Structure formats: C-alpha cells, structure tokens
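Asks: Pasting a predicted model and its sequence here:
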Amino acid sequence: MRNFVKDNKGFVSLIDAFFSILILLMVLIAFNMMIDIEIPSLSEESNGFKTSQDIMEIMSSKVDNRDYSTLERITFFLSQNNNSASSKREVKAMLDDFFSHYLEGNFQNWHYAFVETDQLDGYVLSSNGDYESANSVNVAMRNCGNYSYRLYLF
C-alpha cells in the first residue's frame, strides 16, 4: 500500500480538488431543482375572492350610464311589491341577465348563488349551482336599504 502523506506527485491534492468540484456540482443541481418548484402565488389563490368582490362591486355601482345600480333596482322591486312572488321572478330575470353578461369568457366555469339574507331569510334569488356541495366558496356581501345580499361564487 502506498503512503499518501509522503506522495510528491499531488495525488491527494487531485482527489481534494475532485471532491470540491463534486460538492459544488451537487449544490448547483440542488439549487436548480429548487428554482423549478412551482409555488402558487397568493394572488392566484385568492382569484375567486377577488372575482366575487369585483362582481358585487359592479352590482353596487352605477355602470352603463344608469341612474340606479343593479342592487338598488333589485331592492326597489322587492320593497315596492312587499317581496311578492312576482317581484322575486322579476329580480331573478334581472339577475340571470346580469350574471350571463358578467360571468362569460374567462369566468364561464364559475357557478354562483345570489342570496338575500335579511328580509327574505336566506332566499336564493338567482343561482346556477349548489354552493353547499362545492369544495371552495367565495363570498361577497353588500347591504342596500333594509336588504342584505350575498354572492356565493364557486
């Protein structure tokens, strides 16, 4: 067996350099693998919440040069007719038209339920799915007059 301590040919220093290069390559490979790990951003995770808030904000604002917002018109129809069945049908038609317009394109895979929780005790005014069986539900709430509305987006 050879004595590496008294080796004058540089074999030990060659092995030392080889191990240092090997360790450096392992660190670079590990770093490269960590860069490729896909971590979802917080903005992607809260996309449904933002969408529900945006739609409810559109409903409560006066868009398309109208004198009243969609929520104000809904509240007017319900309150003037004492929450009758005909006013609920009129409101449903108005909401179905609104959601078909604003939940198209990138949002057509969303399901919704629009509920009045104060005067009508949780009556679903318009819906295209069952939010109670959904995995993830985003909620936006607004008040208009004596009515409290919730939009469930799932």
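Replies: Now that the structure is in, tell me what you want to look at.
Asks: Please, where are all the strands along the chain?
Replies: Using DSSP state E, the strands of the chain run over 112-116, 123-127, 138-144, 147-153.
Asks: Export these as TSV, with columns for mean pLDDT, distance to residue 70 and mean neighbour count.
Replies: Yep, even glycine has a C-beta here, placed from its N, CA and C like the rest. Listed next are the strands of the chain as TSV, based on pLDDT from 0 to 100; distance: least, CB to CB, whole Å; neighbours: other CB atoms under 10 Å:
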stretch	mean pLDDT	distance to residue 70	mean neighbour count
strand 112-116	93	10	22
strand 123-127	92	11	17
strand 138-144	93	10	17
strand 147-153	93	10	21
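Asks: Mind checking those for the one nearest to residue 90?
Replies: strand 123-127 (10.3 Å; CB to CB).
Asks: pLDDT at residue 7, what is it?
Replies: With respect to pLDDT, residue 7 scores 60.
Asks: burial count for residue 70?
Replies: If you count neighbours by other CB atoms under 10 Å, residue 70 ends up with 24.
Asks: Actually, residue 129.
Replies: Using other CB under 10 Å: residue 129 sits among 14 other residues.
Asks: Pass me the low-pLDDT residue ranges in the chain, would you?
Replies: 1-9, 41-46, 106-108 (pLDDT under 70).
Asks: for it, what's the longest helix?
Replies: In the chain, with assignment by DSSP state H, the single longest helix is helix 11-35.
Asks: buried stuff in that one?
Replies: Of the residues in helix 11-35, none is buried under the neighbour-count criterion (16 or more other CB atoms under 10 Å).
Asks: same question, stretch 99-114
Replies: Here stretch 99-114 shows 99, 102, 103, 110, 111, 112, 113, 114 as buried, counting by 16+ other CB under 10 Å.
Asks: Among the residues you listed, which one lies nearest to residue 21?
Replies: Among these, and counting by CB to CB, the member closest to residue 21 is residue 110, at 53.8 Å.
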